[in-house]
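**Student:** here you go, sequence then predicted model.
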Amino acid sequence: MELTKQELDDMINKSVDAKVKEKEVEQKSKLREEFQAVYEDSQRHTESKGLKQESALVKMGRLVRLAAAGNCNPEKMLHVAKEVCPDDKETKGYIQKALEAGIPSSGGFGIPSPLSGRVIEALYPNTLLDKLGVTKIPLTAGRLDMARMDTSASVGWVGELPSNTPTAPVFGNVSLSAKKLGANCEISNSLLRYNSVMIDSWVARDLNRKFRIALDAAMLDGTGTLYTPNGLTNLGVQTYGSSSTALDQLKPREMLALLKAANIDMTNVSWMMSPQMESWLMNLKTTTGAWIFMQEMTERGTLCGYKYLVSTSVGYTDTTTDYGDLWLGDFDYFLWGVGLDMELRMSQDAAYVSGGTTYSSFQRDSTLVRLIGEHDFNVMQPKAFVKGTFSVA
């Protein structure tokens, strides 16, 4: 049987392809085995330490259940933990640290700092503050003051014998003073004892949301009272438009021009808007019917080349002619002071006030969970931020 050159080449190529595929399958299989071995070794190493690959909220929920079972007494909690989760060295370690720190049972159980940090990691990624890439500044004494140059010295051309009056820069002050943010949540002890739906994790998520929403609201519109941080709205930032200013394609670009005209570095620029404002911008069209921002916002998540974030914390007013806020800023100029990231305490003996009425957790057979944080906000240069207010086009 004679083969043509083409048929011979095809046979050779098929043979080579088959061998190459066989080699690839063999290599992939080998890699999978190696990766599986590494994974299993990592799992064994982690489990040998008594640690579990669980989220912070799940671990927090377990501590809530133990607090209920042990009446918020660290000694009783440790005893229950040894029976209920004998292999969970991490949880027992937290309780042991509480005992070593000498926290009295009458004062409730305080979660030690290692867990507090882990819970914060689960809390902040859903806030505007974290997504904006803002750096937290520790307020070690609850307060921080720094000088700011408000007006620079003037420089000009002079004659051979200058007689101009010397000038000097004018300095101001920027301060951060920790304000306390708190949330309380009451849980029925019966519900903790008998629930089969992870109610403790629900509580953790509820506190998560309350804390997150409060931080966002204060960052934007905090009134700067004795107990409330100053938000961007009340820090002297630039403003543009009003509730009767119609949104059009020029407004975002004109807001960018305000930042650039103020000589802002533009190193960490972001937009913030409500879902309604996002919809208005996406629906803007040219006179010929072409979408103006739709493609950029949908495909790249940017507006005029800079990322944008959407949150219901950003102002929006539903009236005859709806209007809302459109924020723009370089957040390298934003200051987020933190005196206490978060402290969680639980007690079955505490009392709390709701609607002017005082309730006793002991009398109601409930566990009171209290969340506390201390934060404040300020800006290095107010002109690094613009608050736009526009009505629907």
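**Tutor:** Cool, got the structure. Residues are numbered from 1 along each chain as shown.

**Student:** show me the contacts for Gly241.
**Tutor:** Taking C-beta atoms under 8 Å, 6 or more residues apart in numbering, we find Gly241 in contact with Lys251, Gly388, Thr389, Phe390. C-beta coordinates here come from the backbone N, C-alpha and C atoms, glycine included.

**Student:** just Gln249 next, same as before
**Tutor:** Leu284, Thr286, Ile292, Phe293.

**Student:** kindly report the same for Gly182.
**Tutor:** Per C-beta under 8 Å, 6+ apart, neighbours of Gly182: Arg370, Leu371, Ile372, Gly373.

**Student:** only the C-alpha atoms, please, for the helix or strand containing the first one, written as PDB.
**Tutor:** When elements are defined using DSSP states H and E, Arg370 is found to belong to strand 366-379. Written as PDB, here are the backbone C-alpha positions of strand 366-379 (Å, rounded to 0.1, in the frame of the first residue of the first chain):
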ATOM      1  CA  SER A 366     -31.600  37.100  77.700                       C
ATOM      2  CA  THR A 367     -28.000  37.800  76.700                       C
ATOM      3  CA  LEU A 368     -27.100  41.400  75.800                       C
ATOM      4  CA  VAL A 369     -24.400  41.800  73.200                       C
ATOM      5  CA  ARG A 370     -22.800  45.200  73.000                       C
ATOM      6  CA  LEU A 371     -20.500  46.500  70.200                       C
ATOM      7  CA  ILE A 372     -18.300  49.500  70.700                       C
ATOM      8  CA  GLY A 373     -15.900  51.400  68.400                       C
ATOM      9  CA  GLU A 374     -14.200  54.800  68.600                       C
ATOM     10  CA  HIS A 375     -13.600  56.700  65.300                       C
ATOM     11  CA  ASP A 376     -13.300  60.200  63.900                       C
ATOM     12  CA  PHE A 377     -12.900  61.700  60.400                       C
ATOM     13  CA  ASN A 378     -11.200  64.800  58.900                       C
ATOM     14  CA  VAL A 379      -9.500  65.900  55.700                       C
END
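
**Student:** the helix or strand following that strand vs strand 366-379, what angle?
**Tutor:** As assigned by DSSP H and E, the chain's next helix or strand after strand 366-379 is strand 385-391. Orientation note: strand 385-391 sits at an angle of 110 degrees relative to strand 366-379 (axes from the mean of the first three to the mean of the last three C-alpha atoms, to 10 degrees).

**Student:** adjacent strands (with direction) for strand 385-391?
**Tutor:** strand 238-246 (parallel), strand 323-330 (antiparallel) (DSSP bridges).

**Student:** what's downstream of the shortest one, the next helix or strand?
**Tutor:** The first helix or strand that comes after strand 323-330 along the chain, using DSSP H and E, is strand 334-347.

**Student:** what is that next one packed up against?
**Tutor:** helix 56-69, strand 109-110, helix 113-123, strand 136-138, strand 170-177, strand 366-379 (3 or more C-beta pairs under 8 Å, 6 or more residues apart in numbering; DSSP states H and E).

**Student:** the spatially closest residue to Arg143 that is not a sequence neighbour: how many residues sit nearby?
**Tutor:** Counting by C-beta to C-beta, 6 or more residues apart in numbering, Ser177 is the residue found nearest to Arg143 once chain neighbours are left out, at 4.8 Å. When neighbours are counted by other C-beta atoms under 10 Å, Ser177 registers 17.

**Student:** low-scoring stretches of the stretch 151-300 of the chain, by residue?
**Tutor:** Within the stretch 151-300 of the chain, the set of residues satisfying pLDDT under 70 comprises 151-154, 156, 158-172, 194-202.

**Student:** before we move on, back to that, and the contacts of Gln249, which are buried?
**Tutor:** In terms of neighbour count (16 or more other C-beta atoms under 10 Å), the buried residues within the contacts of Gln249 are Leu284, Ile292, Phe293.

**Student:** circling back to that earlier point, what sits against the residue nearest to Arg143?
**Tutor:** Per C-beta under 8 Å, 6+ apart, neighbours of Ser177: Leu139, Gly142, Arg143, Gly337, Asp376.
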